[in-house]
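Peer 1: Any chance you can model this:
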Amino acid sequence: MPELPEVETVRAGLENLVIPAVVESVDVVDARGLRPSGEPEDAAFFETVLTGRQLTAVSRRGKYLWFVLDDDTALLAHLGMSGHFRVVDRHAPQHRHTRIVIALDEGRDLRFLDQRTFGGLTLTPLLDGIPGPVTHIAPDPFEECFDADEVARRLCARRSTIKRSLLDQTLVSGIGNIYADETLWRVRRHPETPCSRLSQSEAVELLQTARDVMAEAMSQGGTSFDSLYVNVNGEPGWFSRVLDAYGREDEPCPRCGTPIVRESFMNRSSFRCPRCQRLR
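Peer 2: Next comes the predicted model:
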C-alpha cells in the first residue's frame with residue numbers, strides 16, 4: 001500500500017498538472033472505483049455533483065489525499081493497494097483498469113486506475129479543512145501542526161511495542177510497513193521493543209528519523225516494487241534501490257554485514273538486522 005512518500009509524490013504531481021481546473025464531465029466506468037458502496041445510484045450522484053466544480057488545490061494527510069473543490073467540499077481519494085491517477089490527453093487510449101474518468105478543461109483527462117479495487121474516490125464535506133472521513137487520522141510529521149514532543153510523550157505512555165505504534169495512524173499518520181522498518185533499522189531498535197522502554201528524547205529521535213527516512217524517499221519519488229505504484233506520469237519511484245532493511249532478506253546488513261531476516265508481523269513481513277536490532 002502506498003505510504004506517505006508515495007502519496008505526497010502523487011499529490012505534488014497532481015497539483016502541478018491539474019490545479020486549477022474545471023470538471024467538464026465525469027464518467028464512472030466502474031462503480032467499484034467509488035467508496036464506500038459503489039452502487040449504480042452512487043455513480044449517478046457522483047457524476048452529477050462533481051460536474052461543473054472547480055479543483056482549487058490538492059491536499060494530503062498521511063496516506064490520504066484530496067482535491068479541494070470550489071464549494072468547500074472535497075474529492076477524497078484513498079489509493080488502497082494499487083490505486084493511482086493519470087493525467088492524459090482526452091483522446092489517449094483507456095487503460096483496462098480505469099475506474100473513473102474526470103474530463104477537465106483544456107482537453108485533459110484525470111483518470112483513476114485501480115487494479116485490485118481496494119481504493120476509491122468519494123465526495124465529502126470539509127471540516128476545518130479536513131475531509132470528514134479523515135478527521136480521526138493524526139497529523140503526519142510534515143504538517144505544521146505536528147507536535148513531536150507531544151506525540152513522543154503519548155508514544156512512551158503506550159502499553160504496546162514501537163513498530164505497532166508507528167503504524168497506528170491515530171498516533172502519527174503516513175508511516176507504513178516499509179518506512180517503519182527503515183526507521184527502526186536506523187535507530188537500531190527491535191520492532192517488539194516496548195514503548196515504555198523509550199525515554200522522551202529517544203522517542204523524539206525515533207519520530208525525527210521516520211521523518212528523515214520519508215523525506216529521502218520523497219526525493220526519490222517514493223518506493224516502487226512493481227507497476228502497482230506509479231506517479232501521475234506513469235513513472236515508478238526509485239527509493240527501493242537504497243533501502244537498508246525492508247525487502248532485503250538474506251542480504252548483508254549495510255552496517256554490520258549480518259544477513260537481514262524476515263519475520264511475520266501483523267499478517268505482513270517485517271525486516272531487521274538480528275545483530276544491530278536486538279531486543280534489549
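Peer 1: How much space separates the closest residue to residue 102 other than its chain neighbours from residue 27?
Peer 2: Leaving out its chain neighbours, the residue that sits closest to residue 102 by CB to CB, 6 or more residues apart in numbering is residue 110, at 4.3 Å. In short, each C-beta sits where N, CA and C put it, glycine included. Distance, residue 110 to residue 27, using CB to CB, to the nearest Å: 11 Å.
Peer 1: between the two, who's got more neighbours?
Peer 2: residue 110 (23 against 14; other CB atoms under 10 Å).
Peer 1: all strands of this protein, in order?
Peer 2: With DSSP state E as the criterion, the chain has strands at 21-28, 54-61, 64-69, 73-78, 83-89, 98-104, 108-114, 120-127, 130-131, 261-265, 268-272.
Peer 1: Let's have these in a markdown table, adding mean pLDDT and distance to residue 158.
Peer 2: What follows is the strands of the chain, written out as a markdown table (pLDDT from 0 to 100; distance: least, CB to CB, whole Å):
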| stretch | mean pLDDT | distance to residue 158 |
| --- | --- | --- |
| strand 21-28 | 98 | 42 |
| strand 54-61 | 97 | 21 |
| strand 64-69 | 96 | 23 |
| strand 73-78 | 95 | 26 |
| strand 83-89 | 92 | 31 |
| strand 98-104 | 97 | 38 |
| strand 108-114 | 95 | 34 |
| strand 120-127 | 95 | 27 |
| strand 130-131 | 96 | 24 |
| strand 261-265 | 96 | 17 |
| strand 268-272 | 94 | 18 |
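Peer 1: Adding distance to residue 163, write the ones you listed out as TSV.
Peer 2: What follows is those, written out as TSV (distance: least, CB to CB, whole Å):
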stretch	distance to residue 163
strand 21-28	38
strand 54-61	21
strand 64-69	22
strand 73-78	23
strand 83-89	25
strand 98-104	33
strand 108-114	28
strand 120-127	28
strand 130-131	27
strand 261-265	7
strand 268-272	7
